[in-house]
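**Student:** Compute the structure for the input listed below.
(one chain, ligands or ions: 3)
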Amino acid sequence: MGLEVPPEESNRCVRGCCRSATIPLHLPPASFSLLSPIARGSESTVYEARLGGERVAAKKPVLSTSEDLDKFHYQLQLLCELDHPGLAKLTAAHARPPNYLMFFDFFEPPNLADKIHVEEWSPSVQQVVAIASDLAKALQYLHILGVVHRDIKPANILLDKDLHPHLADFGLAMFQKDIKRVSVENWKSSGKPTGGFHKKNMVGTLIYMAPEILRKDIHTEKSDVYSFAISINELLTGVVPYTDLRAEAQAHTVLEMTYTEQQLTAAVVSQGLRPALALPKSGVPLALFSLIQRCWDPDPEKRPSFGNIIDELNIIQKHLVSSACLPSSPVSKSQNDNIEAHRYQEALNWFTQGELFIKRSEKSDLIENVWSGCSIESSEYHPTLSWGSFATCGRRETMEDTHFMLPHVSEEKDVFAFGIFDGHRGSAAAEFSARAVPGYLKQFGRGTSPIDALAEAFVRTDIAFREELILHQKSKRIVRKDWHPGCTAVTALVVRNKLFVANAGDCRAILSRSGKPFPMTKDHVASCPKERERVIKAGIEVKWQIDTWRVGAAALQVTRSIGDDDLKPAVTAQPEVIETALSDDDEFLVMASDGLWDVISNEDVLSIIKDTVKEPGMCSKRLATEAAERGSKDNITVIVVFLRPVSTAERIY
Ligand SMILES: Nc1ncnc2c1ncn2[C@@H]1O[C@H](COP(=O)(O)OP(=O)(O)OP(=O)(O)O)[C@@H](O)[C@H]1O
Ligand SMILES: [Mn+2]
Ligand SMILES: [Mn+2]
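**Tutor:** Ligands and ions are numbered 1, 2, ... in the order given. Now for the predicted structure:
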């Protein structure tokens, strides 16, 4: 072709800010000609063009303000520094008035969006993984240079003859260092992201935006990871995110009828709404589902980097190759018939569902709720209880923990119950259990031992919740089919001088006994060999994934829970119940979700309480705050129950 590049000193844009040793920056007008337009974007028109005899794409930006001109120069400077096979390469520019143009290698239409939604291309899983992998490499390259793209979506991914992707459209790309400097203030004050984000079809671009961007935080490389995940999932399912439709125009109409900008934003940010995954039978490896879900985690820090993504995709690719003697499993078109009207918002109130369930199961005869198996002797030790709690969403966007404190379980005044439920895959199971478990405990009558009562409360709540869920799915109040929410649960029952703690999962309860931590629970997690063995025996796979042992396709870390219908009965709701007799040696009980125990040891918990004013609510708050400060990324719920009278002197602060 032979485009001549002038010597570097003179190869500059009109302002002198853009320079390059390899890319000519002011072409003689005679060397190029614009042919027909390929696309009219919001900020530019892209033409098929000829440059020095070669077919190229010419991007002619709309430059109406001086700010637009600044952006053009910024983009050009940035593009001059990029050279990677996974990027649409800038080959030349004309950066002088009156014609501002950027020339790129030409890629035959359609772009990836049109390929999926106009041509209705259904790539094989291998093809999707190959595209994802190439794209991840291009993004890793950008991130190493400190550049974030900020507009990853199929419409900005161009394909060559061999279906290799090339990332285009650097209209919003920026060096991370500049984003920090520029964006925060004017973005927050204007209420809009900077950089020409405000497009007519706002919902259409919203669907790729990470929750932190929708909350108007600054864009980081992890926000690119999020958009990457949405795009790859779109390629796997073939449908426009948040719709069940393939054809783009139609899908966007439906999308905009279903959600306003605010509704979609709120659902993504606060309710953890994400596009539907491909169906399990589509042949998509579970590892790929898991990767996509981690890439769109609400917490940017939990999303893998492109380095990790490339490694994981490599492994997935090897697996696919080794099983390639089997016919490849294309994500078939007939799948569309199966992807029924997914509605993603579950409007049900699960607290109410839990209450209703208890009401329905209430026995009609008046129950004389006397707990058997616990002696009533006047000589026995009488603990004096005071309790308090604190619950915080922490760094998560949604709160999936719930808890209850029930001072009068029965007619007798010496019976108390406390419980914490830590939800996963949504808060539904935790909400349901927070009403159903105490409701059940209230109903148990004469002859039931506390141990049986607790075990039954867990098991019945689990069955009821799963039945309820299926019922609502059948009645179409919940249209999401592959949704299996669950929760871990810990419940303490104090019956006179006896303490019973039932646990299923990784919440924890400890007693402070003679000043030392006395565990009242064991963690039921897949990294515990006994639990792992039990789950495997019950027929569900436990695999080492990324950093730990995980159960089944859902990659759950816990091995017991309420809910999780897809993992039953292996992931059982049957609790382990530990019983102990309380004495004067027992100072207090601390129960908490794993958000606390992840970062604070049992010993530290006791010493923090020793240092805190002896008021249970304050102690709970202090522990949760300390956990957050120590970097806990999870929801945190703490209940502290003092078991001895707290002296007035200690309570005053
Ligand atoms: N090098 C290229 N070769 C072929 N087609 C291209 C090329 N670059 C862009 N296009 C086509 O033009 C469309 C718009 O390009 P681009 O995204 O760069 O413009 P834009 O004005 O920034 O659009 P947007 O509305 O996405 O911001 C692309 O979706 C693609 O279809
Ligand atoms: Mn674009
Ligand atoms: Mn753009």
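
**Student:** how near is the residue in the stretch 551-653 of the chain that ligand 3 sits nearest to to ligand 1?
**Tutor:** Closest to ligand 3 within the stretch 551-653 of the chain is Lys633: 32.8 Å, counting by CB to the ion. Yep, even glycine has a C-beta here, placed from its N, CA and C like the rest. Separation of Lys633 from ligand 1 (CB to the nearest ligand atom, to the nearest Å): 33 Å.

**Student:** Can you check the pLDDT for that residue?
**Tutor:** For Lys633, the pLDDT comes out at 91.

**Student:** For it, give me its contacts.
**Tutor:** Counting by CB atoms under 8 Å, 6 or more residues apart in numbering, Lys633 touches Asp299, Glu301, Lys302, Gly394, Arg395, Arg396, Gly595.

**Student:** Kindly report the same for Val225.
**Tutor:** When contacts are counted by CB under 8 Å, 6+ apart, Val225 touches Cys295, Pro300, Arg303, Pro304, Ser305, Phe306, Ile309.

**Student:** Now with 6 Å, please.
**Tutor:** Cys295, Arg303 (CB atoms under 6 Å, 6 or more residues apart in numbering).

**Student:** So what does it have for phi and psi?
**Tutor:** Backbone torsions of Val225, given as degrees, to the nearest 10, read phi -60, psi -40.

**Student:** again, but for Cys13
**Tutor:** phi -80, psi 180.

**Student:** Around it, count how many other residues there are.
**Tutor:** 21 (other CB atoms under 10 Å).

**Student:** thought it was touching Ala93?
**Tutor:** No: with contacts counted by CB atoms under 6 Å, Cys13 stays clear of Ala93, the gap being 7.5 Å.

**Student:** got the contact list for Phe106?
**Tutor:** With contact taken as CB under 6 Å, 6+ apart, Phe106 is in contact with Arg55, Val56, Ala57.

**Student:** Repeat the analysis, applying 7 Å as the threshold.
**Tutor:** Contact analysis of Phe106 by CB atoms under 7 Å, 6 or more residues apart in numbering lists Glu48, Arg55, Val56, Ala57.

**Student:** Kindly indicate whether the residue of the stretch 551-653 of the chain closest to ligand 3 is helix, strand or coil.
**Tutor:** Counting by DSSP: H, G, I helix; E, B strand; the rest coil, the backbone at Lys633 sits in coil.

**Student:** Same check on Ala453?
**Tutor:** Once three-state DSSP is applied, Ala453 turns out helix.

**Student:** Can you give me the neighbour number for it?
**Tutor:** When neighbours are counted by other CB under 10 Å, Ala453 registers 27.

**Student:** Make sure it is actually in contact with Leu441.
**Tutor:** Yes: in this structure Ala453 lies within contact range of Leu441 using CB atoms under 7 Å: 6.2 Å.

**Student:** Let me see the confidence value for whichever residue of the chain sits closest to ligand 3.
**Tutor:** Closest contact between the chain and ligand 3, by CB to the ion, is at Gly171 (3.3 Å). pLDDT recorded at Gly171 is 90.

**Student:** secondary structure element for it?
**Tutor:** Using DSSP states H and E, Gly171 maps to neither a helix nor a strand.

**Student:** Next, the buried residues of the helix or strand containing Thr580.
**Tutor:** Secondary structure from DSSP H and E places Thr580 in strand 576-581. For strand 576-581, the neighbour count (16 or more other CB atoms under 10 Å) marks Val577, Ile578, Glu579 as buried.

**Student:** list the helices and strands that strand packs on?
**Tutor:** Under the contact definition 3 or more CB pairs under 7 Å, 6 or more residues apart in numbering; DSSP states H and E, strand 576-581 sits against helix 450-474, strand 498-504.

**Student:** ok and the last one relative to strand 576-581, angle-wise?
**Tutor:** Same thing as strand 498-504. Strand 498-504 and strand 576-581 are oriented at 170 degrees to each other (axes from the mean of the first three to the mean of the last three CA atoms, to 10 degrees).

**Student:** On the C-terminal side of the helix or strand of the chain with the lowest mean pLDDT, identify the next helix or strand.
**Tutor:** Of all helical and strand segments in the chain, the minimum by mean pLDDT, DSSP states H and E falls on helix 335-338, at a mean of 34. Downstream of helix 335-338, the first helix or strand assigned by DSSP H and E is helix 350-361.

**Student:** what mean pLDDT does the helix or strand just after that next one have?
**Tutor:** The first helix or strand that comes after helix 350-361 along the chain, using DSSP H and E, is strand 386-392. Averaged over strand 386-392, pLDDT sits at 93.

**Student:** Provide the strand pairings for strand 386-392, with the direction of each partner.
**Tutor:** Using DSSP bridges, strand 386-392 pairs in its sheet with strand 636-642 (antiparallel).

**Student:** okay if I get the contacts of Phe106 as TSV plus neighbour count, secondary structure and pLDDT?
**Tutor:** Formatted as TSV, those follow (neighbours: other CB atoms under 10 Å; DSSP: H, G, I helix; E, B strand; the rest coil; pLDDT from 0 to 100):
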residue	neighbour count	secondary structure	pLDDT
Glu48	16	strand	95
Arg55	12	strand	94
Val56	22	strand	96
Ala57	22	strand	97
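
**Student:** coming back round to it: is it possible to get TSV of the contacts of Lys633 that adds distance to Pro110, secondary structure and neighbour count?
**Tutor:** Output for those, formatted as TSV (distance: CB to CB, whole Å; DSSP: H, G, I helix; E, B strand; the rest coil; neighbours: other CB atoms under 10 Å):
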residue	distance to Pro110	secondary structure	neighbour count
Asp299	35	coil	15
Glu301	36	helix	10
Lys302	34	helix	13
Gly394	44	coil	21
Arg395	41	coil	17
Arg396	39	coil	20
Gly595	46	helix	27
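
**Student:** ok, and which of those residues reach ligand 3?
**Tutor:** The subset of those within reach of ligand 3, by CB under 5 Å from the ion, is empty.

**Student:** Can you pick out the most distant pair from those residues?
**Tutor:** Based on CB to CB, the longest span within the contacts of Lys633 runs between Glu301 and Gly595 and measures 14.7 Å.

**Student:** just to revisit the earlier point, compare the mean pLDDT across the helices and strands packed on strand 576-581 and name the weakest.
**Tutor:** The weakest mean pLDDT among the helices and strands packed on strand 576-581 belongs to helix 450-474, with a mean of 92.
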